[in-house]
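In: show me the folded form of this:
(4 chains)
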Amino acid sequence: MKRVGVFVCHCGSNIAGTVDCAAVVAAARRIPAVAYAEDNKYTCSEVGQEQIRKAVQTHNLDRVVVAACSPRMHEATFRKTIASVGLNPYMLEIANLREQCSWVHSDRQAATAKAIDLVRLAVAKVLYNKPLFTSTLPVKKRAVVIGGGIAGIQAALDIAEAGHPVTLIERSQSIGGRMAQLDKTFPTLDCSSCILMPRMVDVGAHPMIDLMTYSEVEEVDGFIGNFRVKVRQRAKSVDHSKCTGCGECTEKCPTQVPAEFEAGLGERKAIYTDFPQAVPNKPVIDRDHCRYFLDGKCGICRKVCQADAIDYTQTDRQVEIEAGAIVVATGFDLFDPAKYGEYGGGRYPDVITGLQFERLISASGPTNGEIRRPSDGRVPETIAFIKCVGSRDEAHGVPYCSRVCCMYTAKQAMLVKEHAKDSKVYIFYIDVRAAGKGYEEFYQRAQTDAGATYVRGRVAKIFPRGEKLVLWAEDTLIGKQLELEVDLVVLATGIVAREGAVEFAQKMGISYDGHRFYSEAHPKLRPVDTNVDGIFLAGACQGPKDIPDTVAQASAAAVKVCSIFSKEELETNAMVATVDENICAGCFHCRAVCPSGAIDSKILHAWVAGQDVTRRVATVNSGVCQGCGSCAAACPSGAMNVGGFSNEQILGEVEAL
Amino acid sequence: MNKSKRDWEPRLVGFLCNWCSYAGADLAGTSRMQYPPNMRVIRVPCSSRVRPEFILRALQKGADGVLVAGCHPGDCHYTTGNYYTRRRFQVIKRLLTFLGVDPRRVMASWISAAEGGKYQQVVTEFVETIRELGPCDFRPTNGQIFVPAADERTDLGVVS
Amino acid sequence: MTELWRIKKCDLPAWLNIWREEYELWGARPEGPVMRYGPVADATELVLQVRTRDSAKNMFFPATETMFSFRHDEQGLELNQQLPELKARLLVGLPSCDLQALLVMDNVFGGGGHADPYYSGRRQYTVVVGVACEPGEFFFCQDFGFGPDTPTGADLFLWDDGSNWLAQAFSEAGARLLQAGDWEKVQATVPNRSGPGGWVSADSVARLRERFDDPRWERLGERCLGCGACAYVCPTCHCFDIDDMPHGLEGGERYRRWDTCAFAGFTAAAGHNPRPDQTGRIRQRVMHKLVYGDFRSDRSLCVGCGRCVAACPAGIDIRAIAREAVREKKEVKAGA
Amino acid sequence: MTTIQDELRETARTLLAEGQVDCVLGWAWEEELQRAVPCFVRAAEDAKRLIWDERCVVSLAPFLLHMKRQLSSVRTEPSRTAIVVKGCDARGVVRILRDQQLERDEVLIIGVVCQGVGDPDNRPAKCRECQYHVPPVYDLLLGEEPKETQTPSSPLLERVREIEGWDVADRASYWREHFSRCLRCYACRQVCPACNCVECIFDSERTRWTYKRTTAEENMIFHAIRAFHVAGRCVECGECERACPMGIPLMEINKKVASDIKELFSVPDAGVDLREEPPLVRYETGDLDHFV
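Out: Just a heads-up that it's a prediction; the model follows:
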């Protein structure tokens, strides 16, 4: 005989203020299945929970209804309460009398009637509750970090430092990412490589970190604790175990191609390292441009290599890595300036992006740190910086602010003083956003020390006139239009999601937002989790952010990974789908709708009429199943059910309407 | 139990998805947004958990209107759940309308965890629509050829 | 020559309408695309001498019937039986096979000191007027010892006499009907046509009884899809299941509804089903109808109305099965 | 039409004689019953009883599925059955295969070109609007493909549009009146190739999905749920309406759902392509959203 206990909470006056709790208790007692009902001031308090524990024991209740606040608040609390007195934690249902009754209705009589109905619904449902159990899954204590920028580097180091093996996967020749392309960083004007290189070296040398550069993730499946990551290690054509990194081959290589690292302003050889301080500091051969691979003539690098490390016969290798957790740190792309036809981005050589300017002022850059016009190499006398190019611009599909352009433009303005102190600097802006620590002070210094002239207004058009570039703009503060002749224009292009971000998200099974940035599980409370347990986000792939926030997120993701690895086994979700094998017809509509690939099949043998008959039925992997119930709705015969929200429970609730 | 329209209060059922719409309803609560008390909420893990059997049983058991609420497509906690709801619900609604259930009695709505205001508005409007429509004539009529149990009953002899 | 009453066919509706205050008029009339027995407001709507798609069984043993409702609250358990409201009914137009079927059902539900209150109530207050039948497709009533003119089971039976009806009462309720309306007494011979038949013989019943394990049942099992059409249109199928319908958490009602041995779950009990597939089920139907019959009166449960033959989506025909049973094993006909 | 019949008999005989199949499922004429009934031919010499003409109305697809669940057809070594199908039946076979209730190599499909069955001057609705005179899937085809196949108008669809035109109350009473006749004999379910569950929720003893009462609104719930369960998978073979002893116009419901699904999700006809995806277990991110 099922014996239900009902505990109606006053929640101080939150519930009792509008709902007549005594009447609810009286109504509950009238329900035949309710063996005991009482109300108390604060059910979630220690006193309240003790009353539940005592009642369960004295009235030997086998299932409990707590009529209080939202289950999303204290369902877990009360599950522990009843578990502590021997009940299965899932023999509990919560009636939401606060958020969905007392707080939203003022008429006491109507609110009480509704509260009674909600208790009846909860009792009707709890009568069909079944004990549910979690199971455990082994954890593969290896992490995979995808993306070798500062985010990936930081996450990899933190996890490795916590004693867990990491595989860091980077698509290009070297780790370092966007930060390696920068000269200085705001607001401290630290030299970017000075603070980045040591971390890169640590990664390269760390015994717990396997570095896989020039490699791409092809496929990810499995689930938290048991991911299988398939990685394609592209052929480097250089045997890094023999190579000493002397650079002879790069020196002698006859082929010059535009270097991605130099953002189009510089060149590199066919056999190359991205930049001098690259990690690993051993080159790879770009087979799309290497003459040996195009027409088989060359082979100079092999001739000059004393270590005999060049190996043209290398082929791509597919590696499968087992991992317990994954950190996605794939970074960002910049807005394509060519989309602003009126600025001539990509057409006029002297209209460059902020990143290209960064390469110009970088000592290891194409101009060894001198600010020179890409067109004729002259030092520009007047430079115009234009902010919010491809940010805060609904028309170009980028309505958001990219957060970092105001600060790096101020920084670049100050660096003009160092590299070309006579040059005049104009900065066209809409608003200046300097909210970080020390940012506002940095912005003030850009105006005073660097003498940058901030003009509030958008630039309407840029066109060449002789050697110069003419800017048509307006100064909204003095309400005047102005025409300005400058020698160099730097566009502060906004941050957009990586090209191919959607395909990658689908490969990982994580969701993405309207701007193709990866979606965090909860904007405020779970910023580094994704909707797939065990996969975390770090850096600009989740949205535009500066280096301090990126590093903070990377460390946060690392802690999440370490908390998974701190347990020998993982507890699985208890409210998962279950199959009634007698009824399952093996049509597998369930598998078609399962979002987490938790449904597999098996062959059932039955002894029928003296013969062994086989039948294929569905099976559920309780580790992967998230309990969404799509399968239970897609299964016509009701063979597929979900613990906690079973067909019987919901039908029971509807029955008590 | 037919109810004359005057003293009849619409009884509504809402299947709310746990991650978005139920959270949106809670937010309406924490923000103390007032709305009529006619809605009985049944929590489901995802809007894709709702089967047509639940909707039809609710109508049969006295509900005058049924709401199925879930996350906006693309926001689903389970990634694809509400895509299936979207397809299934359209087929169910058109089928029920074809079979004679007033389309305004069955509705779906995407309500995110941040849209407490929208939940309040959806419930308020739904109650008004159903109040205007009147009780659902889907009551369990008794299929017997005879109306059951007259008050007085003769003693039944044995048929020869 | 016996003493009979005669009325012109065109005056029959007027006569029936006279009785409308006292009785509720029932009979065959179109319902959607099919003919069914049901209440009529005016006798002119009635269609006589037509084979309805399903039988009159529904009037006495409805497809769904609440037996009693119960309520359990703090005062304890309250039970109240939902007996049918008793209204006098005049059922006009039953052919001989349906009359015989009523006798079978009376035996099942009414006889032997354990009268079924639900069935008996309705049956007792219904006066049945039989009408001679125009034999049609799939009939085989003669195999069971009666023809289209056999009046047994009716309160009043009408024979077809060209443009007139000849009537004879077999109960005082039937006789009382004749007191109104312009009936005239005549001396006439009661027609006694022999009905269609020649399918089910005593020999076929005996052979069927022996051939319980004949493999040909499996051939039938492959063709029977396990629906309930044959049983639910059959005037003598009387199996039912009992189930509960809750009213909220405090009470509910217990109802009974038709069931049939053709259904898979019919014999499912505690996870085991002695008839795992259709072979056993179709065999049970045929055997119960023709061979086991009604153990209370050892008469066949079949009345040869042919409704099941018309209704079967798979074209299974109980007549062919009976005829097939007497054929030797060697030439297996397709129909069986 | 006799030529196809002769070819059919010859084909069946050779298939059985060579042991390619162990049973040919076709139609046979029952002289005494004056009806064409499903017939399982297992001996080569019985092949001559097979017929093909417009009297072969019964769709044989459900018997194929049903056979699998009969003990008599339980065999350890793989068995193969040939089935004679007209266009609509073939779609039923595809349905059963696509719902993974039979393996493709368990069935040998003998397609016959069909110009419509039943009473010549009152063809069933499905024949008057038939677009599959040639079965969409077959292993062998008997009869030549007709030259021009104009796509006929669909009387059933016009009827659905007409019913949609009524106001809600009229529709409610129309269906309530039809459903009050339903005896819940489940013939419509048992002859349906898409209704291939091992145990139907309406038979479930364990979970009270619905009450097993034959009241008008309870029957409406049964037919609404069944129409939904086969939504997107129904091959419009019309067997449910033919099998219904009480003459309930079930195809109007299935046609309504099928045309809705085609309009909403622009998917091809069900049961035509062996690789088809049932539309309700798939989605497009761009699906319509206007109803919300």
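In: ok, now which ones touch C:Gly304?
Out: Shown in contact with C:Gly304 (CB atoms under 8 Å, 6 or more residues apart in numbering or on different chains): C:97, C:139-144, C:195, C:197, C:200. Yep, even glycine has a C-beta here, placed from its N, CA and C like the rest.
In: out of those, flag the one nearest to chain B.
Out: Comparing the contacts of C:Gly304 against chain B with CB to the nearest CB places C:Cys97 closest, at 20.1 Å.
In: re the thing from before, turn the contacts of C:Gly304 into TSV, including neighbour count, pLDDT and distance to chain D.
Out: Output for these, formatted as TSV (neighbours: other CB atoms under 10 Å in any protein chain shown; pLDDT from 0 to 100; distance: CB to the nearest CB, whole Å):
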residue	neighbour count	pLDDT	distance to chain D
C:Cys97	29	94	17
C:Phe139	24	93	13
C:Phe140	23	93	11
C:Cys141	25	92	17
C:Gln142	20	92	16
C:Asp143	24	91	14
C:Phe144	21	91	19
C:Gly195	22	89	17
C:Gly197	19	88	13
C:Val200	25	89	13
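In: what sits against the residue nearest the centre of chain A?
Out: Using CA atoms, centre = their mean, the residue of chain A that lies closest to the mean C-alpha position is A:Leu537, 2.9 Å off. A:Leu537 makes contacts with A:327-329, A:510, A:518, A:520, A:527-530, A:553, A:557, as judged by CB under 8 Å, 6+ apart.
In: and of the residues you listed, the nearest to chain C?
Out: The nearest member of those to chain C, counting by CB to the nearest CB, is A:Asp529 at 40.3 Å.
In: for the residue nearest to the centre of chain A, give the beta-bridge partners.
Out: Under DSSP bridges, the beta-bridge partners of A:Leu537 are A:Val328.
In: near chain D, which residues of chain B are found?
Out: Within chain B, the positions near chain D by CB under 8 Å from any CB of the partner chain are B:52-53, B:56-57, B:60, B:73-74, B:80, B:83-84, B:86-103, B:108-110, B:137-143.
In: are any of the residues you listed buried, and if so which?
Out: B:52-53, B:56-57, B:60, B:73-74, B:80, B:83-84, B:86-102, B:108-110, B:137-138, B:140, B:142-143 (16 or more other CB atoms under 10 Å in any protein chain shown).
In: any idea what the residue of the stretch 151-300 of chain C found nearest chain B is bridged to?
Out: Residue of the stretch 151-300 of chain C nearest chain B, by CB to the nearest CB: C:Met245 (7.7 Å). Beta-bridge pairing of C:Met245 under DSSP bridges involves C:Glu253.
In: what about it, how many neighbours?
Out: The local packing of C:Met245 (other CB atoms under 10 Å in any protein chain shown) involves 19 other residues.
In: against C:Arg254, how distant is it?
Out: Applying CB to CB, to the nearest Å, the value for C:Met245 to C:Arg254 is 8 Å.
In: may I see the contacts of C:Gly304 organised as a markdown table, with distance to chain B and secondary structure added?
Out: Shown next, in a markdown table, are the contacts of C:Gly304 (distance: CB to the nearest CB, whole Å; DSSP: H, G, I helix; E, B strand; the rest coil):
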| residue | distance to chain B | secondary structure |
| --- | --- | --- |
| C:Cys97 | 20 | helix |
| C:Phe139 | 27 | coil |
| C:Phe140 | 28 | coil |
| C:Cys141 | 24 | helix |
| C:Gln142 | 27 | helix |
| C:Asp143 | 27 | helix |
| C:Phe144 | 22 | helix |
| C:Gly195 | 27 | coil |
| C:Gly197 | 29 | coil |
| C:Val200 | 28 | coil |
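In: just the element for residue 219, please.
Out: In the absence of a named chain, chain A is used. Using DSSP states H and E, A:Glu219 maps to strand A:215-223.
In: nope, chain D
Out: Assigning secondary structure by DSSP H and E places D:Asn219 in helix D:216-229.
In: alpha carbons only: can I get that helix in PDB?
Out: The C-alpha trace of helix D:216-229 is given here as PDB (Å, rounded to 0.1, in the frame of the first residue of the first chain):
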ATOM      1  CA  ALA D 216     -17.600   8.700 -29.000                       C
ATOM      2  CA  GLU D 217     -14.900  10.900 -27.500                       C
ATOM      3  CA  GLU D 218     -12.700   8.000 -26.300                       C
ATOM      4  CA  ASN D 219     -12.900   6.600 -29.900                       C
ATOM      5  CA  MET D 220     -11.900  10.000 -31.200                       C
ATOM      6  CA  ILE D 221      -8.800   9.900 -28.900                       C
ATOM      7  CA  PHE D 222      -7.900   6.400 -30.300                       C
ATOM      8  CA  HIS D 223      -8.200   7.500 -33.900                       C
ATOM      9  CA  ALA D 224      -6.400  10.800 -33.300                       C
ATOM     10  CA  ILE D 225      -3.500   9.100 -31.600                       C
ATOM     11  CA  ARG D 226      -3.300   6.300 -34.200                       C
ATOM     12  CA  ALA D 227      -3.300   8.900 -37.000                       C
ATOM     13  CA  PHE D 228      -0.500  10.700 -35.200                       C
ATOM     14  CA  HIS D 229       1.500   7.500 -34.700                       C
END
